[in-house]
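In: missing the sequence, but the structure's below:
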DNA sequence: GATAACTTGCACACACGTGTGCAAGTTCGT
DNA sequence: ACGAACTTGCACACGTGTGTGCAAGTTATC
């Protein structure tokens, strides 16, 4: 006997939850290609009718909101677990780790420019931005990175440098390894390092190697197969 | 007696041309703030009614097309007249000169992402891009800039680095002088120069000083007041 | 001041996206 | 297999933007 007050309520069907996920996935995929695709297109990509969407979300805005902060949670989580005593390495590492979540970053980056969602994305991504800002300030203080412009400015330029690689990846069909390397080069260059300096850093620091080690502090020994 | 075949055609009124210009200016201003503003808003900003727009342009698309390639002509012209034996200096100079046409760049940059106009902008801006690409290739060949990535990739990253400063200017309210300096730093950093190297270059090369000398080959002696 | 050029304001028609209601399915869970 | 959960397809209302036609106004130019 269920604990519901009046009637016997059957448990919700499992495929409903699956469809909800399918919708989110389809929305992510569709909006990445056509940032202002309609619900019709999204629903179709999920194999559902437009009408069915309203069975899972109150409307377009709620769908997108769910999408945005599911992505943001993932990115914020990554950013929180990135650090390294050498600040340039830490910044490159942050870029590289975020690179692994390309799909999310891509969507967030696209939504961050779309008028109705700017504030939402900005709010959801605040933690990542603060992490980067902290690293930049530290880098300026310990002379690890350039000190010829305000920290906030530099942080924003670095962010954009990373996103630039994202776009480059779409047009140039970069592999994961190439993207991984390119974000770091782009980010480090913006941070003030000369290209050979950046190259040497990447080649030297084992944390920046391509098949990246996991961030979990407890999983450091059981990661490699 | 006019040379028109049949009837006596009076010359078009002069204020019509003025209104056309006003529309273009208003469109430029309005679309910079709200990239998907309607004709209503644009016409209002020009002091005209929406209906009057159709007296000057066949429709929204033609208005925007006119806007885009008027801007593109300006930028292409700038790019064509930029050169310098030292490639990093040439690249910085290109960035700085384009910085002076911020309003145009800003609009073009915004339109370059808007779905209906991507191809148009890309086509109109091809000359600037080719100029940059040529400089980048030359820079790689003469070891003036980084050689750790394909020239096309580097060119695109540099382009985005410049546009990043543009956006930074909107949020941080940069002065012209600050923007001028920041584009060069951003562009040179992406090109592979270390920040102190870039700073030294900017401080040294007289062409890169803030009140920039005009590009005209004939006006080189009469520029300073 | 006559006249053509230009603008205005209204009326439409049209397209497209969102959100809702409802009757008729289909499908999962028990 | 029964019933509820879920989906579908249609209808509609609503909002917003575009493009057009037309009569009546205003303004520059001859």
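Out: In hand now; what should we look at? None of these values were measured; they are calculated from a predicted model.

In: tell me the mean pLDDT for stretch A:162-176?
Out: Here stretch A:162-176 scores 95 as its mean pLDDT.

In: give me every residue in chain A lying close to DNA strand C.
Out: A:10-11, A:13-15, A:38-40, A:50-51, A:54, A:58-61 (CB under 7 Å from any atom of the strand). In short, each C-beta sits where N, CA and C put it, glycine included.

In: please redo it, this time with the cut-off set to 6 Å
Out: Counting by CB under 6 Å from any atom of the strand, the residues of chain A lying close to DNA strand C are A:10-11, A:13-15, A:38-40, A:51, A:54, A:59-61.

In: TSV please, covering those residues and showing distance to DNA strand D, pLDDT and neighbour count.
Out: Compiled in TSV, these are given as follows (distance: CB to the nearest atom of the strand, whole Å; pLDDT from 0 to 100; neighbours: other CB atoms under 10 Å in any protein chain shown):
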residue	distance to DNA strand D	pLDDT	neighbour count
A:10	4	64	7
A:11	7	65	6
A:13	4	80	9
A:14	8	81	8
A:15	6	86	9
A:38	11	97	12
A:39	12	98	19
A:40	11	97	11
A:51	4	97	9
A:54	8	97	15
A:59	12	96	11
A:60	13	97	15
A:61	15	96	12
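
In: just put the residues you listed in JSON lines and tack on distance to residue B:210 and secondary structure.
Out: Shown next, in JSON lines, are the residues of chain A next to DNA strand C (distance: CB to CB, whole Å; DSSP: H, G, I helix; E, B strand; the rest coil):
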{"residue": "A:10", "distance to residue B:210": "73", "secondary structure": "coil"}
{"residue": "A:11", "distance to residue B:210": "70", "secondary structure": "coil"}
{"residue": "A:13", "distance to residue B:210": "67", "secondary structure": "coil"}
{"residue": "A:14", "distance to residue B:210": "66", "secondary structure": "helix"}
{"residue": "A:15", "distance to residue B:210": "65", "secondary structure": "helix"}
{"residue": "A:38", "distance to residue B:210": "48", "secondary structure": "coil"}
{"residue": "A:39", "distance to residue B:210": "51", "secondary structure": "helix"}
{"residue": "A:40", "distance to residue B:210": "52", "secondary structure": "helix"}
{"residue": "A:51", "distance to residue B:210": "60", "secondary structure": "helix"}
{"residue": "A:54", "distance to residue B:210": "57", "secondary structure": "coil"}
{"residue": "A:59", "distance to residue B:210": "51", "secondary structure": "coil"}
{"residue": "A:60", "distance to residue B:210": "47", "secondary structure": "helix"}
{"residue": "A:61", "distance to residue B:210": "46", "secondary structure": "helix"}
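
In: report whether the helix or strand encompassing residue A:159 contacts chain B.
Out: Counting by DSSP states H and E, the element that carries residue A:159 is helix A:151-172. Yes. Counting by CB under 8 Å from any CB of the partner chain, chain B has neighbours in helix A:151-172: A:152, A:153, A:156, A:157, A:160, A:161, A:164, A:165, A:167, A:168, A:171, A:172.

In: contact partners of the worst-scoring helix or strand of chain A on mean pLDDT?
Out: One helix or strand of chain A scores below all others by mean pLDDT, DSSP states H and E: helix A:102-111, with a mean of 91. With contact meaning CB atoms under 8 Å, 6 or more residues apart in numbering or on different chains, helix A:102-111 is reached by A:28, A:31-32, A:35, A:64, A:67-68, A:71-72, A:74-75, A:98-99, A:117, A:120-121, A:124-125, A:163, A:166, A:169-170, A:179.

In: kindly report the same for stretch A:49-68.
Out: The contact list for stretch A:49-68 (CB under 8 Å, 6+ apart) reads A:16, A:19-20, A:23-24, A:27-28, A:31, A:39-40, A:42-44, A:107-108, A:111, A:116-117, A:120-121, A:124.

In: re the thing from before, out of the residues of chain A next to DNA strand C, which is nearest to residue A:132?
Out: Nearest to residue A:132 among those is residue A:61, at 28.1 Å by CB to CB.

In: if I look at the closest one, how far off is residue A:39?
Out: 11 Å (CB to CB, to the nearest Å).

In: over to residue A:124?
Out: Distance, residue A:124 to residue A:39, using CB to CB: 22 Å.

In: what do you get for residue A:92?
Out: Applying CB to CB to residue A:92 and residue A:39 gives a distance of 40 Å.

In: and if you look at residue A:125?
Out: Residue A:125 is 25 Å from residue A:39, where distance means CB to CB.

In: how much does the strand or helix carrying residue A:22 deviate in direction from helix A:102-111?
Out: Element membership for residue A:22 (DSSP H and E) is helix A:14-33. Helix A:14-33 and helix A:102-111 meet at an angle of 60 degrees, taking axes from the mean of the first three to the mean of the last three CA atoms, to 10 degrees as the criterion.

In: which other helices and strands contact helix A:14-33?
Out: The contact analysis (3 or more CB pairs under 8 Å, 6 or more residues apart in numbering or on different chains; DSSP states H and E) places helix A:14-33 against helix A:39-45, helix A:60-80, helix A:102-111.

In: okay, the ones you listed, which one's buried deepest?
Out: helix A:102-111 (a mean of 20; mean count of other CB atoms under 10 Å in any protein chain shown).

In: ok now that one, how far from the chain's centre?
Out: From the chain centre to the centre of helix A:102-111 is a distance of 6 Å (CA atoms, centre = their mean, to the nearest Å).

In: and for stretch A:176-191?
Out: 15 Å.

In: so is it next to chain B?
Out: Yes. Stretch A:176-191 is in contact with chain B by CB under 8 Å from any CB, via A:182, A:185, A:186, A:189, A:190, A:191.

In: how about stretch A:125-136?
Out: No. Using CB under 8 Å from any CB, we find that stretch A:125-136 stays clear of chain B, coming within 12.4 Å at best.

In: buried ones in that stretch?
Out: Of all the residues in stretch A:125-136, those buried under the rule 16 or more other CB atoms under 10 Å in any protein chain shown are A:125, A:127, A:128, A:129, A:131, A:132, A:133, A:135, A:136.

In: again with stretch A:181-201
Out: Residues of stretch A:181-201 classed as buried by neighbour count (16+ other CB under 10 Å): A:181-195, A:198-199, A:201.

In: what's in contact with stretch A:157-164?
Out: A:91, A:95, A:98-99, A:105, A:109, A:129, A:132, A:136, A:149, A:183, A:186-187, A:189-191, B:156-157, B:160-161, B:164-165, B:167-168, B:186, B:190.

In: now stretch A:87-101
Out: The contact list for stretch A:87-101 (CB under 8 Å, 6+ apart) reads A:71, A:74-75, A:78-79, A:81-84, A:105, A:128, A:131-132, A:135-136, A:138-139, A:142, A:144-145, A:158, A:162, A:165, A:179-180, A:183-184, A:186-188, A:191, A:193, A:198, A:201-202, A:205, A:207-208, A:212, A:215.

In: quick one: residue A:16 from DNA strand D, how far?
Out: Distance of residue A:16 to DNA strand D, computed by CB to the nearest atom of the strand, to the nearest Å: 3 Å.

In: nothing else from me, thank you.
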